[in-house]
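In: requesting a structural model of the entry that follows:
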Amino acid sequence: MTTPAAMPADPTAMAGPDEGRARSRLPIGLWTLGALAFRLTPKPLYKARAVLLRWFGARLDPTVRIRPDVRIDRPWNLSMGRKSSLGDGVVVWAHAPITIGARCTISQYTRLAAFREDETHPAGPTCPAPLTIGDDVWIAAESYVAGGQTIPDGVLVGARSVIDARRGGRLDPWTIGSGDPAVSRRERPFQGRTA
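Out: Next up, the predicted model:
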C-alpha cells in the first residue's frame, strides 16, 4: 500500500499531554484487553462491537457498523451518528474527540488522526486536535484525515487523499474533492438534498 507523504509512521506510541497521569493509563490498559475482544468478534456482530465500544465510553448510535479489524486507540473520544460506518482496516487515532455525523462512510484503510504534528520537527511533539466530520460524508479508501478541522456535510473525498485544511486544502459542502491536500473539484449531485 502506498501511503501519502503526510501520513505519520505510527503515532499510536506517541505521548499526548495526558499520558503521564495514572488515571489516563488505566483506561488505555483496560482497552488493550477490550480491543482484543473487539478484534475476535465475527464480522456480522456489529451490535456486539458497538456495545463493547460503549462500555469504554464511545457514543455510538445503535445503527453504526464497525468492522472487527478497525483499530481505535481511545474509544472514549469517538462519537458516531446514525447509519455511519468504519470499513476494514480503518485506524482511528482519537487523541482528541472525533465526531462523525450521520450516514457517513469511512472506507477501508483510512486513517483518522485527532492530533497535529509539529511540521518543523517531523519526529517532534504532537498535540491533540479534535476532528469533526459532518453528515453524509464519504471518505474513500486509504485517505488520511488530519485533526483540528471540520469536514462539511455532503463531502465525497476520493481515494488516497490527504484531508488537511492547515496545508491549504479546502472542501466545500456537497462537493467531490481529492488530492494532497484535498480540495473541492466539482459539485456532488445528490437527489433530495436540502439547501
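In: in stretch 52-62, what counts as buried?
Out: 52-53, 56, 58, 60 (16 or more other C-beta atoms under 10 Å). Glycine gets a C-beta too; all of them are placed from N, C-alpha and C.
In: so where do the helices sit in the protein?
Out: Along the chain, counting by DSSP state H, helices occupy 22-40, 46-55.
In: what separation do you get for the most centrally placed residue in the chain and residue 172?
Out: The residue lying closest to the centre of the chain (C-alpha atoms, centre = their mean) is residue 112, at 3.1 Å. Separation of residue 112 from residue 172 (C-beta to C-beta, to the nearest Å) stands at 21 Å.
In: and what of residue 183?
Out: According to C-beta to C-beta, residue 183 stands 9 Å off from residue 172.
In: so those two - more neighbours on which side?
Out: residue 183 (16 against 13; other C-beta atoms under 10 Å).
In: now residue 62, nearest residue through space, not along the chain?
Out: residue 50 (7.0 Å; C-beta to C-beta, 6 or more residues apart in numbering).
In: is it true that that neighbour touches residue 63?
Out: No. Using C-beta atoms under 8 Å, residue 50 is not in contact with residue 63, being 9.0 Å away.
In: the more surrounded of these two?
Out: residue 50 (19 against 16).
In: tell me the contacts of that one?
Out: Residue 50 is in contact with 58, 60, 62, 64, 66, counting by C-beta atoms under 8 Å, 6 or more residues apart in numbering.
In: name the nearest of the residues you listed relative to residue 76.
Out: residue 58 (6.6 Å; C-beta to C-beta).
In: which elements pack onto the helix or strand bottoming out on mean pLDDT in the chain?
Out: Lowest mean confidence among the helices and strands of the chain (mean pLDDT, DSSP states H and E): helix 22-40, at a mean of 77. For helix 22-40, the packing partners by 3 or more C-beta pairs under 8 Å, 6 or more residues apart in numbering; DSSP states H and E come out as helix 46-55, strand 71-72.
In: want to try a markdown table for the ones you listed, with mean pLDDT as columns?
Out: Shown next, in a markdown table, are those (pLDDT from 0 to 100):
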| stretch | mean pLDDT |
| --- | --- |
| helix 46-55 | 95 |
| strand 71-72 | 96 |
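In: so how far is residue 183 from residue 83?
Out: Counting by C-beta to C-beta - residue 83 and residue 183 are separated by 27 Å.
In: surely residue 104 meets residue 85?
Out: Yes. Between residue 104 and residue 85 there is a contact under C-beta under 8 Å: 7.4 Å.
In: more neighbours: those two, which one.
Out: Comparing residue 104 with residue 85 by other C-beta under 10 Å, the one with more neighbours is residue 104, at 24 against 19.
In: name the surrounding residues that touch the least confident helix or strand of the chain.
Out: Contacts for helix 22-40 (C-beta under 8 Å, 6+ apart): 18-19, 49, 52-53, 55-57, 68-69, 71-76.
In: now do stretch 79-93
Out: With C-beta under 8 Å, 6+ apart as the criterion, stretch 79-93 contacts 11-12, 58-61, 63-67, 69-73, 78, 97-115, 135, 141.
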